[in-house]
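In: from the sequence below, what's the structure:
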Amino acid sequence: MDAREEALRQAHDHAVRWLASLSHRPVPARASVEAIVSALGAGLPAGPSPPAEVVDLLATACEPGLTAFPAGRFYGFVVGGTEPAALAADWLVSAWDQNCVMRAAAPAYAAAEEIAGAWLLDLLGLPAPSAVGFTTGATMANFTCLAAARDEVLRRAGRDVGRDGLTGGPAVHVVAGAQRHMAIDLALRYLGLGRPDLVATDDQGRIEPEALREALAAGGRGPAIVVLQAGDIHSGAFDPFPEAVRAAREADAWVHVDGAFGLWAAASPAHAHLTAGCADADSWATDAHKTLNVPYDCGLAVVRDTAALRAAMGLHGAYLIHDAQGDPVDKVPELSRRGRAFPVWAALRSLGRSGVADLVERLCRHATAFATGIAGIDGASVLNDVVFTQVCAAFGDDARTDRVIDRLLADGTTWISGSRWRGRRVLRISVSNWSTTDEDVARSLEAMRRAAAGV
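Out: Numbering: from 1, shown residues only. This is a model prediction of the structure:
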């Protein structure tokens, strides 16, 4: 056994033990940063160490400081688990160590990306000719789509951003709902577009089409982008796409949909109605490492106009081997990147169409069980009117809600994080892990009852 194989075996053994512990271990990490620094050793060794020993030290020292994100009882931050085929494929990605920029250099990756992209468009009900790019997450997926949007609406106004930049050109009027996700503001800041013009939403975060129409009219007939969302981060609510898209089209605006987790509703016959009209947009962003449960990290940027995406993202260099059909690098902002399409292909191939639908419906069923269980706890109230995969609850006033959250984290049975929504402190549940079971939900609800009873 050579040093590489020995190190891999060591990593495999530690990984198997970690995964086996998820069903019973406390969810929060048990060690501090300082303790792990001490265990790892802050000083750089004077000489080499055997690779297997290094792997063993890393796993042993870090294990107490690991949060059980992949466990079925973690409900914070919309963190999925890792579906088995996707996890195994991700191990192969690291072993293969491919530079996935060009079709000519990495034909295996280009093939997997092509197939996975077509499957995704089919599952999500999006236009078949659209381009699909694999990014680091929904933030960069939004960035990628909005870069294509920015450049295209300015091109229509006679401005070549790639050649002339933004300075001196017409302003781009970006309009979004008041409850948009912060990733939108970040992407717009990266793109030099500044904060969007915010329009009114209802009490669940859904954009009000008439308010959108008025905001677009106030901005004149210049280049415009409208940002809608599929799945509010607190309520899980979906914008009224038919009416909102119609208002945007009246102003000749590009329509982008931020659907980090909610876009996957389209893959479920029971929930596809939530995305009705969404496919009429121009671009869409979502994550595969959320609902689809592939390893971190993997975002998906989908743009109807392939030429607009390539114009915004395409990279050209004399040393690169360009393919007439286009290369993976023409669709994303990163030059060198991991083979993110391999785990996505593996997850989709493993689950199949019915498996993806079942996964979405199971997550929704568990979220509904949480909402029902919370409604039966004395003093608790569920604040979202339609449950998709998100549940927001309060336990009376802000102080009591905070105490419940603190007691839950101290208990360790589950991880449910706090937030602020509709002017009050809330407990926010994100059900996104494929491995969550009915027993996980029941145990987590019981921990919640104990926490509420103790305050």
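In: for the longest helix seen in the chain, buried residues please.
Out: The single longest helix within the chain, with elements called by DSSP state H, is helix 341-375. By 16 or more other CB atoms under 10 Å, the buried positions in helix 341-375 come out as 341-349, 351, 355-357, 359-371, 373-374. Glycine gets a C-beta too; all of them are placed from N, C-alpha and C.
In: packing partners for that helix?
Out: helix 84-96, helix 107-124, strand 381-382, strand 390-394, helix 438-453 (3 or more CB pairs under 8 Å, 6 or more residues apart in numbering; DSSP states H and E).
In: turn these into JSON lines, including mean neighbour count and mean pLDDT.
Out: Putting these into JSON lines (neighbours: other CB atoms under 10 Å; pLDDT from 0 to 100) gives the following:
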{"stretch": "helix 84-96", "mean neighbour count": "17", "mean pLDDT": "97"}
{"stretch": "helix 107-124", "mean neighbour count": "19", "mean pLDDT": "97"}
{"stretch": "strand 381-382", "mean neighbour count": "16", "mean pLDDT": "97"}
{"stretch": "strand 390-394", "mean neighbour count": "25", "mean pLDDT": "98"}
{"stretch": "helix 438-453", "mean neighbour count": "18", "mean pLDDT": "98"}
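In: quick check: the gap between the residue most central in space within the chain and Ala357.
Out: Nearest to the mean C-alpha position of the chain, counting by CA atoms, centre = their mean, stands Asp287 at 3.6 Å. Asp287 is 18 Å from Ala357, where distance means CB to CB, to the nearest Å.
In: my guess is Asp232 is in a helix, correct?
Out: No. Read with DSSP: H, G, I helix; E, B strand; the rest coil, Asp232 is coil and lies in no helix.
In: distance check, the residue lying closest to it once chain neighbours are set aside against Gly236.
Out: Using CB to CB, 6 or more residues apart in numbering and skipping the chain neighbours, the partner closest in space to Asp232 is Gly205 (3.7 Å). From Gly205 across to Gly236, the span is 9 Å (CB to CB).
In: what about these two, which has more around it?
Out: Each of Gly205 and Gly236 has its neighbours counted (other CB atoms under 10 Å); Gly236 has more, 27 against 24.
In: Ala211 is in contact with Val175, correct?
Out: No. Counting by CB atoms under 8 Å, Val175 does not reach Ala211; the two are 9.5 Å apart.
In: and the two? which has more neighbours close in?
Out: Taking neighbours as other CB under 10 Å, Val175 and Ala211 compare with Val175 leading, 26 against 18.
In: partner residues bridging that one?
Out: Taking DSSP bridges as the rule, Val175 bridges to Asp197, Val226.
In: now Arg420. Its backbone dihedrals?
Out: Per-residue torsions, Arg420: phi -130, psi 130 (degrees, to the nearest 10).
In: whoops, I mixed them up, Val199
Out: According to degrees, to the nearest 10, Val199 has phi -120, psi 160.
In: number of nearby residues for it?
Out: By other CB under 10 Å, the residues close to Val199 number 23.
In: now His273
Out: Other residues lying near His273 total 11 when counted by other CB under 10 Å.
In: can you tell me how far it sits from Ser444?
Out: Taking CB to CB as the measure, His273 falls 29 Å from Ser444.
In: hang on, the earlier thing: please state the offset of the longest helix of the chain from the chain centre?
Out: Here helix 341-375 is found 14 Å from its chain centre; the criterion is CA atoms, centre = their mean, to the nearest Å.
In: now stretch 43-51
Out: Chain-centre distance of stretch 43-51: 37 Å, with CA atoms, centre = their mean.
In: now swap in stretch 180-190 and tell me
Out: Remark: stretch 180-190 is offset 14 Å from the chain centroid, using CA atoms, centre = their mean.
In: which residues are in contact with that stretch?
Out: Outside stretch 180-190, the residues that touch it by CB atoms under 8 Å, 6 or more residues apart in numbering are 138-140, 142-143, 146, 174, 176, 194-196, 198, 227, 229, 233, 258, 260.
In: show the buried residues in the residues you listed.
Out: With burial judged by 16+ other CB under 10 Å, the buried subset of the contacts of stretch 180-190 is 138-140, 142-143, 146, 174, 176, 196, 198, 227, 229, 233, 258, 260.
In: tell me which two in those residues are the farthest apart.
Out: The distance between the two most remote of the buried ones among the contacts of stretch 180-190 (CB to CB) is 22.7 Å, for Met140 and Leu198.
In: for the residue nearest to the centre of the chain, which non-adjacent residue is spatially closest?
Out: Closest to Asp287 by CB to CB, 6+ apart is Ala138, at 4.8 Å.
In: for that neighbour, give me its contacts.
Out: Each residue near Ala138 by CB under 8 Å, 6+ apart is listed here: 183, 258, 260, 285-287, 290, 299.
In: what sits against the residue lying closest to Leu359 once chain neighbours are set aside?
Out: Computed as CB to CB, 6+ apart, the closest residue to Leu359 that is not its neighbour in sequence is Trp434, at 5.7 Å. Counting by CB under 8 Å, 6+ apart, Trp434 makes contact with 80-81, 83, 293, 359, 362.
In: wait, is Trp434 part of a strand?
Out: No. Trp434: not assigned to a strand; according to three-state DSSP it is coil.
In: can you read off the pLDDT for it?
Out: With respect to pLDDT, Trp434 has a value of 97.
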